[in-house]
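**Q** Would you be able to build a 3D model of this:
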Amino acid sequence: MKGDENDPKGLIFEAYRIDGITKSECRTIFLDWALSLPVERETGRVLTALLATYKADNPKHPMTEVLTEGLVGMSTPRRRGGWRSRPRN
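**A** This next block holds a predicted model:
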């Protein structure tokens with residue numbers, strides 16, 4: 001099944017249809033989805049749209065949790081650099 005602009009391959013849609021799917025399996029599907037998303041798409045907006053579509057009907061589904069973690073993880077800046085990024089004198 002082909003999806004829409006937020007889920008081009010229909011991976012997220014199908015994940016919600018699988019009975020007994022685990023969080024680990026949802027993470028694998030999420031990674032495949034993220035890699036298939038076009039570069040020009042703003043991932044945060046897409047995740048927000050997907051959550052708006054699925055969260056109300058599936059609040060306890062493992063994919064809802066994975067999508068929420070992905071959205072929260074994007075807003076939390078990670079430290080980059082370390083000793084390698086510091087200028088040498």
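
**Q** Going by C-alpha atoms from here, please, whenever you check contacts or count neighbours.
**A** Noted.

**Q** count of residues packed around L11?
**A** Counted with other Cα atoms under 10 Å, residues neighbouring L11 total 18.

**Q** My guess is it contacts L35. True?
**A** No. At 11.5 Å, L11 does not count as touching L35 under the criterion of Cα atoms under 8 Å.

**Q** any idea how far M74 is from G10?
**A** Using Cα to Cα, to the nearest Å, G10 is found at 22 Å from M74.

**Q** Give the residue from the two that has the larger number of neighbours.
**A** Comparing G10 with M74 by other Cα under 10 Å, the one with more neighbours is G10, at 15 against 12.

**Q** Now tell me what touches stretch 29-36 from outside.
**A** For stretch 29-36, contacts defined as Cα atoms under 8 Å, 6 or more residues apart in numbering pick out 7-9, 11-12, 15, 66-67.

**Q** cutoff 7 Å now
**A** L11 (Cα atoms under 7 Å, 6 or more residues apart in numbering).

**Q** Average pLDDT for that stretch, rounded please.
**A** Across stretch 29-36, the average pLDDT comes to 94.

**Q** same question, stretch 54-72
**A** 96.

**Q** D7 versus P38, what's the distance?
**A** 10 Å.

**Q** let me redo that: G44
**A** G44 is 13 Å from D7, by Cα to Cα.

**Q** between the two, which one's more packed in?
**A** D7 (18 against 15).

**Q** Just list whatever residues bridge to that one.
**A** D4 (DSSP bridges).

**Q** so is V46 in a helix, a strand, or just coil?
**A** helix (DSSP: H, G, I helix; E, B strand; the rest coil).

**Q** Give me the spatial nearest neighbour of it, chain neighbours excluded.
**A** Among residues not flanking V46 along the chain, N6 sits closest, at 5.7 Å (Cα to Cα, 6 or more residues apart in numbering).

**Q** for the record, mean pLDDT for stretch 10-25?
**A** Here the average pLDDT along stretch 10-25 is 97.

**Q** Now do that stretch: everything it contacts.
**A** 1-3, 26, 29, 33, 62-63.
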